[in-house]
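Undergrad: Give me a model of this one.
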Amino acid sequence: MSDEGRELYSVGEVAELLGLHVRTVRNYVRDGRLKAVRIGKQYRISRADFEALTSLPAPADEEAPAGGEAPAGGEAPRRHLEVSSIVQIDAIGPDAANRLANLVTASAQSPRDTPATLRVQTVYDKERARMKIVILGDAATTADLLHLVDGVLGPGNGMGNALDHDTGHGHDTGTATATGAAHRG
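TA: Predicted coordinates:
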């Protein structure tokens with residue numbers, strides 16, 4: 001079936017188009033990142049909502065010939081690359097975590113040269129004095145944000161060096177670890 005004129009996609013189709021697991025797309029729907037309509041027991045995603053998520057036009061069913069050339073009479077398909085990174089910062093107090101969350105969120109929302117969006121979520125576990133930052137976006141913008149976090153938590157800046165006084169812990173060094181994955185679609 002041709003995608004031309006097609007207005008609704010299933011969760012499975014969107015997952016396949018984006019190179020994501022079906023559960024990830026369902027979570028996007030449940031979290032409100034991807035708008036969908038429930039028809040019976042299944043979600044359906046409109047072309048406009050798909051394009052809003054990816055910032056790209058919905059692809060056509062035509063396959064590109066071998067060698068990566070454009071389909072006859074059409075434009076070359078646009079490649080989508082999304083990086084997901086999780087940064088874990090241990091031994092960080094609530095005040096420093098709040099300042100870092102504000103900095104990361106403001107940086108993600110600031111204007112940039114690329115039209116790609118950068119999505120960030122932060123979580124702080126006061127009991128463990130641990131912060132996690134989840135970053136989703138294109139490779140270059142995500143790398144820039146990771147460099148910012150690394151620089152802010154570096155020695156001598158006052159944010160990553162000690163726990164805040166209200167945690168009751170000593171002056172431990174904050175450590176950050178990052179894991180990441182690139183998704184190509």
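
Undergrad: Go through this structure and flag its longest helix.
TA: helix 94-109 (DSSP state H).

Undergrad: Helix or strand next in line after that one, which one?
TA: Downstream of helix 94-109, the next assigned helix or strand under DSSP states H and E is strand 119-125.

Undergrad: what pLDDT does residue 162 get?
TA: Here the pLDDT value assigned to residue 162 is 48.

Undergrad: how deep is residue 15 tucked in, by neighbour count?
TA: Residues contacting residue 15 under the criterion other Cβ atoms under 10 Å number 19. For the C-beta atoms, the positions are set from N, CA and C on the backbone; glycine is no exception.

Undergrad: now the strands: where do they sit in the chain?
TA: Taking DSSP state E as the test, the strands found in the chain are 8-10, 37-39, 42-46, 81-90, 119-125, 130-137, 175-184.

Undergrad: What helices and strands are in contact with the second one?
TA: It stands for strand 37-39. strand 42-46 (3 or more Cβ pairs under 8 Å, 6 or more residues apart in numbering; DSSP states H and E).

Undergrad: do that again at 10 Å, thanks
TA: strand 8-10, strand 42-46 (3 or more Cβ pairs under 10 Å, 6 or more residues apart in numbering; DSSP states H and E).

Undergrad: That one pairs with which strands?
TA: Strands that pair with strand 37-39, judged by DSSP bridges, come out as strand 42-46 (antiparallel).

Undergrad: just the fourth one next, same as before
TA: Based on DSSP bridges, the pairing partners of strand 81-90 within the sheet are strand 130-137 (antiparallel), strand 175-184 (antiparallel).

Undergrad: Least confident of those strands, on average?
TA: For these, the weakest mean pLDDT is recorded on strand 175-184, namely a mean of 53.
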